[in-house]
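Asker: Task: produce atomic coordinates for the following.
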Amino acid sequence: MRLTKATLAVLATALLATACSAGAGAGGGGAAPGAKDTSPLTAALGTEQESAGPAPAVPGAKPGGTVNVYNTTDFRHLDPQKVYAGAAYNTSLLWGRQLTQYQVVDGKAKLVGDLATDTGTATDGGRTWTYRLKAGVAWEDGQPITSQQVKYGIERSFGKGFEVGPPYWAQWLTGEASYEDARKKYAGPQDGDLAAIETPDERTLVLRFPQPQADVPYMAAQSSSSPVRKDKDTGTDYDRLPFASGPYRIAEHVQNTRLVLERNPHWKPETDPIRNQYPEKFVFSFGKEALNINQEILSGRDGGANATTVATQLSPELYQTTDTDPKAKELVVTGRQGAFVTQLVVNNERVADPEVRKALHLAYPRQQARQVLGGSRVGELATTLSSPALLDWQKYDLYPAKPAGDPEAAKQALAKAKQAPTSLTYAYANTPNGQRVAQVLVDGFAKAGITIVPKPVDAKALLDEAHRADSPYDLFEETSSVDWPTPSTLVPFSFDGRANSDLNSARYRNPAVDKEIDRINQIGEPRQKAKELYALEQTVMKDVPVLPFAYPNATQLRGANVGGAFIHPIYGSVSLAWVFLKA
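Answerer: The predicted structure is shown next:
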């Protein structure tokens with residue numbers, strides 16, 4: 001997600017390396033909660049009754065056993081106030097709980113109370129939101145979870161080092177337009193108590209905002225809304241070993257190598273409408289190549305029959321196998337990648353001339369790039385910043401481009417540029433998929449007279465390198481999403497010129513857009529706000545700050561003995577909170 005950038009979760013992922021999608025999954029032995037629907041994501045607000053536990057049972061599910069999880073890389077962050085990517089959000093459901101969360105039934109996501117009894121109560125025109133915690137929710141050591149600990153968790157998100165997570169609490173609670181300005185008012189727990197959050201008792205949390213905030217229930221589902229116990233806050237090491245409130249606890253974590261989860265005996269299913277606790281353990285392994293991971297799961301060797309992945313797409317080398325072998329095809333878990341969009345991000349500080357960016361857009365060999373990744377199964381080619389899965393989405397195509405690229409039209413745009421670039425650097429994940437796409441871009445842009453210098457970067461470091469303020473790269477690919485199914489977290493957070501480069505990765509600057517963001521943020525009616533944001537999106541796209549590539553699909557594998565596997569309709573990867581072993 002940047003379930004985050006402006007992501008449902010999402011920090012984004014490069015070159016479709018991480019699935020962050022919505023939709024239904026192929027069979028996993030018993031009808032999974034996501035197995036019946038392939039429509040765009042929806043997330044209505046649930047009732048207090050729907051917020052009560054336990055979670056809906058998965059038909060045919062059996063308790064016991066160890067599920068293996070194979071990912072190419074470790075998660076960027078586990079600290080809940082730093083998590084901002086779909087696969088990490090999805091996985092952290094196993095050990096972390098939030099005020100609200102998405103319950104999935106028949107492929108439909110519904111937002112319900114998680115730690116809270118419901119999705120929140122608004123007063124004062126949406127400036128005040130009150131949450132009441134459920135009785136009996138507890139930490140992994142059995143101590144009760146309190147409203148003060150939720151408050152402390154939110155306060156942490158203001159601190160230095162936490163700017164990698166979503167900025168909303170800081171901005172909303174202070175009324176500031178940027179995270180940096182919000183931190184000048186309050187910089188985290190070291191500044192003492194944040195008066196905007198009140199805890200009149202151990203089960204009541206009151207959030208007071210200077211301006212109306214209609215999206216608080218959705219923000220309350222973000223990982224940064226997780227409670228943290230002050231006595232367990234180990235600082236930077238909390239990113240390795242967070243303290244658990246969910247059905248599992250972290251027994252071992254050797255970074256970039258291994259992560260072991262075991263059942264949390266103090267988790268109470270009657271308080272949890274979201275998660276189940278079927279496997280005895282989850283054992284994550286990091287470091288294998290994507291092709292090796294998929295081959296082991298398909299073959300069932302070396303524990304592959306009991307394995308799945310939450311961050312590795314099906315390798316193109318295996319498409320023919322899964323298309324023609326019925327047994328292999330049965331192991332494919334696929335779904336529409338709900339609100340996600342893959343883009344070629346342009347560093348607007350380094351590539352400042354809009355005519356150059358327009359030339360890149362016109363020359364972009366989208367069709368060839370999609371073909372080397374798997375063809376139409378990768379997803380539909382995109383023309384917009386936002387996804388068709390959003391409320392009241394509007395389709396547009398400001399500068400129609402040929403799917404295979406139009407070198408002659410690109411040359412005409414370059415001729416209007418004040419100074420055409422001699423070359424542009426392209427950072428890409430040094431994986432087989434990344435290498436394939438890099439070669440396509442080098443060849444395709446060369447036809448328009450644009451020299452691309454490919455720069456391979458270790459996959460787990462790509463986003464950090466590309467997003468850093470002094471990034472030396474002109475271009476990189478990223479898959480990201482809004483943080484909930486409205487456009488309210490797209491332009492206001494990813495294209496606000498006042499935001500840092502970790503959010504505004506394109507380094508887009510337009511004071512008129514910033515002013516319009518501030519005006520629209522005062523609109524309290526959700527659909528009118530959405531209408532205004534879609535209009536502003538097209539204003540942004542006139543400057544071509546990024547080049548839309550695809551509305552992606554997710555395609556992953558589960559082992560023959562793994563049941564209940566489906567693509568989570570919000571977080572976009574196989575959801576472990578529902579899986580079980582069939583034997």
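Asker: Going along the chain from the strand ranked longest in the chain, find the next helix or strand for me.
Answerer: Taking DSSP state E as the criterion, the chain has its longest strand at strand 546-557. Note on strand 546-557: by DSSP states H and E, the next helix or strand toward the C-terminus is strand 562-563.
Asker: What strands flank that next one, and is each parallel or antiparallel?
Answerer: strand 580-581 (antiparallel) (DSSP bridges).
Asker: Contacts for the strand it pairs with next, please.
Answerer: 29-30, 58, 61-67, 276, 278-279, 306, 561-564 (C-beta atoms under 8 Å, 6 or more residues apart in numbering). Yep, even glycine has a C-beta here, placed from its N, CA and C like the rest.
Asker: how about a cut-off of 6 Å?
Answerer: 61-62, 65, 278, 306, 561, 563-564 (C-beta atoms under 6 Å, 6 or more residues apart in numbering).
Asker: what's the answer for stretch 393-406, then?
Answerer: Looking at what lies outside stretch 393-406 - C-beta under 6 Å, 6+ apart - the contacts are 361-367, 381, 383, 444, 534, 538, 541.
Asker: Derive a PyMOL selection command for the buried subset of those.
Answerer: The PyMOL command for the buried members of those (criterion: 16 or more other C-beta atoms under 10 Å) is given here:
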select buried, resi 361+362+363+364+365+366+367+381+383+444+534+541
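Asker: and the contacts of stretch 393-406 as JSON lines, adding secondary structure?
Answerer: JSON lines is the format used below for the contacts of stretch 393-406 (DSSP: H, G, I helix; E, B strand; the rest coil):
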{"residue": "361", "secondary structure": "helix"}
{"residue": "362", "secondary structure": "helix"}
{"residue": "363", "secondary structure": "helix"}
{"residue": "364", "secondary structure": "coil"}
{"residue": "365", "secondary structure": "coil"}
{"residue": "366", "secondary structure": "helix"}
{"residue": "367", "secondary structure": "helix"}
{"residue": "381", "secondary structure": "strand"}
{"residue": "383", "secondary structure": "coil"}
{"residue": "444", "secondary structure": "helix"}
{"residue": "534", "secondary structure": "helix"}
{"residue": "538", "secondary structure": "helix"}
{"residue": "541", "secondary structure": "helix"}
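Asker: which one of the contacts of stretch 393-406 sits closest to residue 89?
Answerer: Among these, residue 534 lies closest to residue 89 (C-beta to C-beta), at 25.5 Å.
Asker: Counting neighbours, what do you get for the spatially closest residue to that closest one that is not a sequence neighbour?
Answerer: In this structure, residue 534 finds its nearest non-sequential neighbour in residue 394, 4.6 Å apart by C-beta to C-beta, 6 or more residues apart in numbering. Residue 394 is flanked by 16 other residues according to other C-beta atoms under 10 Å.
Asker: do the same with residue 583
Answerer: 11.
Asker: Report the mean per-residue pLDDT for the longest strand of the chain.
Answerer: Here strand 546-557 scores 94 as its mean pLDDT.
Asker: which helices and strands sit right next to that strand?
Answerer: The contact analysis (3 or more C-beta pairs under 6 Å, 6 or more residues apart in numbering; DSSP states H and E) places strand 546-557 against strand 332-336, strand 340-346, strand 379-381.
Asker: same thing but 7 Å
Answerer: Where contact means 3 or more C-beta pairs under 7 Å, 6 or more residues apart in numbering; DSSP states H and E, strand 546-557 is packed against helix 290-299, strand 332-336, strand 340-346, helix 366-373, strand 379-381.
Asker: so residue 57 sits in a strand?
Answerer: No: assigned with three-state DSSP, residue 57 falls outside any strand and is coil.
Asker: which residues in the stretch 101-250 of the chain form strands?
Answerer: All strands of the stretch 101-250 of the chain, identified by DSSP state E, counting those that start in this stretch, fall at 108-113, 121-123, 128-132, 197-201, 204-208, 248-254.
Asker: quick one: which of the ones you listed is nearest residue 344?
Answerer: Nearest to residue 344 among the strands of the stretch 101-250 of the chain is strand 108-113 (29.0 Å), distances taken as C-beta to C-beta.
Asker: now the farthest one out in the chain, which residue is it?
Answerer: residue 415 (38.5 Å; C-alpha atoms, centre = their mean).
Asker: all helices of the stretch 51-200 of the chain, in order?
Answerer: With DSSP state H, counting those that start in this stretch as the criterion, the stretch 51-200 of the chain has helices at 86-92, 147-156, 168-174, 179-185.
Asker: From the contact counts, what lies against the third one?
Answerer: Applying 3+ C-beta pairs under 7 Å, 6+ apart, one finds that helix 168-174 makes contact with helix 179-185.
Asker: any idea how far the helix it packs on is from the chain center?
Answerer: Here helix 179-185 is found 24 Å from its chain centre; the criterion is C-alpha atoms, centre = their mean, to the nearest Å.
Asker: All set, thanks.
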